[in-house]
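A.B. asks: Whatever this is, show me its structure:
(one chain, ligands or ions: 1)
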Amino acid sequence: MNGSSDVAPPDDGEGTTQAWSDRSSGASPAGPPAAAYGTTRRLTAALLLAAKAAPGVLAGCAALTLTAGIVPVAAAWLTKLVLDRLVNDTELSMVIALGAGLAAVGIVAGTVPHLAQYLRGELERSVGLLAQDRLYTAVDRFVGLPRFEDPHFLDRMRLAQRAGEMAPNQTVEGLLGVVRSAITLSGFLGSLLLLSPIMAGLVLVGGIPTLAGEITLSRRRARMFWDIGPAERRELFYAQLLSSVEAAKEVRLFGIGPFLRGRMLADRRTTNSAKRAVDRHEVVVQAGLSLIATVVSGAGLLWAVRAAQEGGLTVGDIAIFIAAVAGVQAALTSIAGDVARSHQALLLFDHYLTVTTTGPDLPGADVPQHLPVLRRGVELRDVWFRYSDEHPWVLRGVDLYIPHGQALGLVGLNGAGKSTLVKLLCRFYDPTRGSITWDGVDIRTVDVADLRRRISAVFQDYMHYDMTAAENVGVGDLESLDDLARIEKAARHAGIHDTLTALPHGYRTLLSRIFFMESEKGNPETGVVLSGGQWQRLALARAFLRDRRDLMILDEPSAGLDAEAEYQIYSSLRKYRDGQTSLLISHRLSAVRDAEHIVVLSDGQVAEQGDHLTLMTARGLYARLFNMQAAGYQNEPPE
Ligand SMILES: Nc1ncnc2c1ncn2[C@@H]1O[C@H](COP(=O)(O)OP(=O)(O)OP(=O)(O)O)[C@@H](O)[C@H]1O
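C.D. replies: Residues are numbered from 1 along each chain as shown. Alright, predicted model coming up:
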């Protein structure tokens with residue numbers, strides 16, 4: 001880009017660029033974004049998610065919670081009654097009956113936690129499945145690319161993945177925990193009130209700081225999770241580089257393993273120290289809270305011993321008094337912990353709700369227009385584009401026409417904006433200014449899925465899917481995924497059929513070294529790796545499978561092909577292109593020379609256009625580049 005790339009387009013009075021990212025995602029670069037939803041909304045949504053995922057399991061959890069709440073109080077009272085009966089020489093059968101009751105309570109106390117743990121696991125699995133489904137359905141609804149390039153959104157996404165799976169369970173667990181503790185609390189508090197109302201009040205008041213302290217701690221922890229988000233994502237990125245087959249060659253040849261490891265560990269140290277700071281703070285706060293609890297229970301014990309000496313309390317009373325003070329304190333601490341954990345989970349759940357309920361990333365028409373079968377052509381009119389307000393202009397007033405039934409060649413130096421133009425044609429972004437029309441219909445006014453159904457493309461950075469050969473072609477048109485005849489035809493077209501047939505399992509061969517086929521678990525030789533050019537032919541086959549589409553876009557389709565393959569592919573493409581509408585981008589100008597029309601893009605603007613002969617006669621950029629390449633083959637200095 002030269003200096004002129006920062007020249008703004010004329011104002012159209014509608015605001016200019018598409019810097020949607022921070023604003024639309026509600027993120028603030030200085031810290032965590034303000035919660036988008038209130039606590040009640042978050043709580044309701046989390047509980048509804050759990051209820052929808054596993055209603056029966058949820059009911060089971062609730063029943064066990066009630067039982068678990070009653071058990072300690074019942075055990076304490078039965079103990080008191082047994083002790084008092086023993087001291088008072090009551091009938092043996094009565095004592096035995098009470099003892100049996102105590103044993104039964106013990107059995108329930110021993111069984112309930114295991115059953116509850118199983119049900120919690122079941123709830124977690126069901127909620128995880130539903131939350132994941134909803135999250136990725138929402139992500140799939142983002143039809144453009146901007147959100148996937150927004151670091152704030154990616155941080156949110158990471159927290160949303162975690163929160164969606166965990167928050168509903170933690171909330172349910174917290175809520176049921178509060179109910180359980182509240183039952184225990186009221187049982188013990190009642191017992192304590194009978195023995196000493198002052199002690200009951202004291203223990204209750206002593207629990208208030210615990211509740212307040214735990215909630216403050218949970219806020220701090222939730223904020224810490226947001227703050228360490230970028231470092232956690234970077235750490236994951238370095239870890240993937242260190243273990244992925246794609247990066248292994250460069251990492252080893254350049255010897256950058258220790259460098260990447262150093263960066264990964266530095267990020268881990270950053271997150272560790274943030275977590276450590278919160279943990280330390282927590283230790284200090286919780287130690288203070290325990291001290292208060294100990295002082296209260298110590299004072300209670302002294303009072304009880306003194307009361308027993310003076311004959312005011314029986315042995316059974318002392319037993320239940322000690323159990324009640326401990327029980328009330330434990331219940332209060334447990335309530336505080338459950339409230340704090342649910343609170344923290346709900347704070348993070350805000351990210352899940354934001355991602356799953358956020359609006360579309362590209363504006364859509366309220367009533368989408370019908371997209372006609374292409375009859376006339378696709379036109380870009382005064383298209384300006386930059387990736388965000390902070391980025392320079394990439395396209396600056398491009399006018400371009402792709403006539404129906406013809407091939408348009410698009411050439412230009414690196415960074416001229418060719419691939420960006422392709423992204424606009426597929427509507428991964430909207431032009432900042434100007435319009436793209438399909439037979440006169442603005443593509444912003446039609447359903448994106450409709451538009452994309454009419455386009456076939458090979459992108460410069462096409463995908464390698466770790467799937468079978470047939471699936472690698474078939475995903476180009478899911479309706480043909482099981483239609484081997486069509487898949488083979490597309491593969492033949494791309495010149496890869498013979499290679500695929502010769503694979504160990506033909507088209508069913510898994511093209512991967514990182515997964516294995518179920519049937520070949522024990523075989524270390526499972527999986528096949530294709531060469532770069534063979535992968536490129538597969539990408540072409542994928543595009544050819546969509547041969548019923550109106551517009552074919554080929555962005556550098558032959559970069560990885562050998563000379564013979566390139567010749568064959570272009571001959572095939574020429575035959576195939578006949579009567580088809582296509583946009584062909586290539587740095588190898590021999591590939592585009594026979595296109596009906598060639599456009600030279602330079603610094604985001606159309607610099608030259610015409611057919612090959614016209615452009616050669618004009619002796620501009622195209623002619624210079626063409627001659628340079630031709631001279632390279634003829635071993636003669638360029639003109
Ligand atoms: N996602 C993005 N965010 C910000 N800038 C981008 C993005 N993608 C591309 N660019 C910038 O846009 C400019 C044009 O890139 P583009 O990929 O369209 O060029 P190109 O003509 O296809 O180049 P090449 O011939 O190297 O493939 C470059 O300066 C590039 O840095």
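
A.B. asks: The residue of the stretch 51-200 of the chain at minimum distance from the ligand: neighbour count?
C.D. replies: Nearest residue of the stretch 51-200 of the chain to the ligand: residue 149, at 5.3 Å (CB to the nearest ligand atom). Backbone N, C-alpha and C define where each C-beta goes, glycine included. Residues contacting residue 149 under the criterion other CB atoms under 10 Å number 13.

A.B. asks: Can you name the next helix or strand after the helix or strand residue 161 falls within?
C.D. replies: Following DSSP states H and E, one finds residue 161 within helix 151-195. Using DSSP H and E, the helix or strand that follows helix 151-195 towards the C-terminus is helix 197-206.

A.B. asks: next SSE after the helix or strand bottoming out on mean pLDDT in the chain?
C.D. replies: None of the helices or strands of the chain scores lower by mean pLDDT, DSSP states H and E than helix 21-25, at a mean of 36. Using DSSP H and E, the helix or strand that follows helix 21-25 in sequence is helix 39-53.

A.B. asks: returning to that earlier point: now do the helix holding residue 161: which elements does it pack against?
C.D. replies: Contacts defined by 3 or more CB pairs under 8 Å, 6 or more residues apart in numbering; DSSP states H and E place helix 151-195 against helix 21-25, helix 39-53, helix 55-87, helix 92-140, helix 197-206, helix 208-227, helix 229-243, helix 315-357.

A.B. asks: Tabulate those in JSON lines, adding columns for mean neighbour count and distance to residue 592.
C.D. replies: Listed next are the helices and strands packed on helix 151-195 as JSON lines, based on neighbours: other CB atoms under 10 Å; distance: least, CB to CB, whole Å:
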{"stretch": "helix 21-25", "mean neighbour count": "17", "distance to residue 592": "35"}
{"stretch": "helix 39-53", "mean neighbour count": "18", "distance to residue 592": "53"}
{"stretch": "helix 55-87", "mean neighbour count": "18", "distance to residue 592": "61"}
{"stretch": "helix 92-140", "mean neighbour count": "15", "distance to residue 592": "35"}
{"stretch": "helix 197-206", "mean neighbour count": "17", "distance to residue 592": "81"}
{"stretch": "helix 208-227", "mean neighbour count": "18", "distance to residue 592": "49"}
{"stretch": "helix 229-243", "mean neighbour count": "16", "distance to residue 592": "36"}
{"stretch": "helix 315-357", "mean neighbour count": "22", "distance to residue 592": "42"}
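
A.B. asks: Which of those sits closest to residue 485?
C.D. replies: Among the helices and strands packed on helix 151-195, the nearest to residue 485 by CB to CB is helix 92-140 (29.7 Å).

A.B. asks: what angle separates the closest one from helix 55-87?
C.D. replies: Interaxial angle, helix 92-140 versus helix 55-87 (axes from the mean of the first three to the mean of the last three CA atoms, to 10 degrees): 160 degrees.

A.B. asks: could you give the mean pLDDT of helix 92-140?
C.D. replies: Mean pLDDT, helix 92-140: 91.

A.B. asks: who does that helix touch, helix- and strand-wise?
C.D. replies: By 3+ CB pairs under 8 Å, 6+ apart, helix 92-140 packs against helix 39-53, helix 55-87, helix 151-195, helix 315-357.

A.B. asks: got any ranges where the stretch 501-639 of the chain has weak pLDDT?
C.D. replies: For the stretch 501-639 of the chain, residues meeting the criterion pLDDT under 70 lie at 516-527, 560, 576-578, 633-639.

A.B. asks: From the contact counts, what lies against the host helix or strand of residue 249?
C.D. replies: According to DSSP H and E, residue 249 maps onto helix 245-253. If you count contacts as 3+ CB pairs under 8 Å, 6+ apart, helix 245-253 packs onto helix 229-243.

A.B. asks: roughly how far is the helix it packs on from the heart of the chain?
C.D. replies: 15 Å (CA atoms, centre = their mean, to the nearest Å).

A.B. asks: what's in contact with that helix?
C.D. replies: The contact list for helix 229-243 (CB atoms under 8 Å, 6 or more residues apart in numbering) reads 151, 154-155, 158-159, 247, 251, 257, 260-261, 263-264, 267-268, 270-271.

A.B. asks: Dump the helices and strands packed on helix 92-140 into JSON lines; add mean pLDDT and distance to the ligand as well.
C.D. replies: Output for the helices and strands packed on helix 92-140, formatted as JSON lines (pLDDT from 0 to 100; distance: least, CB to the nearest ligand atom, whole Å):
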{"stretch": "helix 39-53", "mean pLDDT": "92", "distance to the ligand": "33"}
{"stretch": "helix 55-87", "mean pLDDT": "87", "distance to the ligand": "44"}
{"stretch": "helix 151-195", "mean pLDDT": "87", "distance to the ligand": "12"}
{"stretch": "helix 315-357", "mean pLDDT": "85", "distance to the ligand": "21"}
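
A.B. asks: Which residues of the stretch 451-600 of the chain lie near the ligand?
C.D. replies: Residues of the stretch 451-600 of the chain found near the ligand (CB under 6 Å from any ligand atom) are residue 460.

A.B. asks: List the residues that contact the closest residue to residue 99 other than its chain neighbours.
C.D. replies: The shortest distance from residue 99 to any residue other than its chain neighbours is 6.0 Å, reached at residue 82 (CB to CB, 6 or more residues apart in numbering). Residues near residue 82 by CB under 8 Å, 6+ apart: 95, 98-99, 102.

A.B. asks: If you count contacts, what does the lengthiest helix in the chain end up packed against?
C.D. replies: The residue-count maximum for a helix in the chain (DSSP state H) belongs to helix 257-309. Packing contacts for helix 257-309, counted by 3+ CB pairs under 8 Å, 6+ apart, involve helix 197-206, helix 208-227, helix 229-243, helix 315-357.

A.B. asks: Among those, single out whichever gets nearest to residue 91.
C.D. replies: Proximity to residue 91 (CB to CB) singles out helix 315-357 among the helices and strands packed on helix 257-309, at 16.6 Å.

A.B. asks: For the helix or strand that comes right after that closest one, give me every contacting residue.
C.D. replies: Proceeding N to C from helix 315-357, the next assigned helix or strand is strand 377-385, under DSSP H and E. Here strand 377-385 makes contact (CB under 8 Å, 6+ apart) with 9, 393-404, 417, 420-421, 424-425, 429, 431-439, 551, 581.

A.B. asks: Report the next helix or strand after strand 377-385 in sequence order.
C.D. replies: Assigned by DSSP H and E, the successor of strand 377-385 is strand 395-403.
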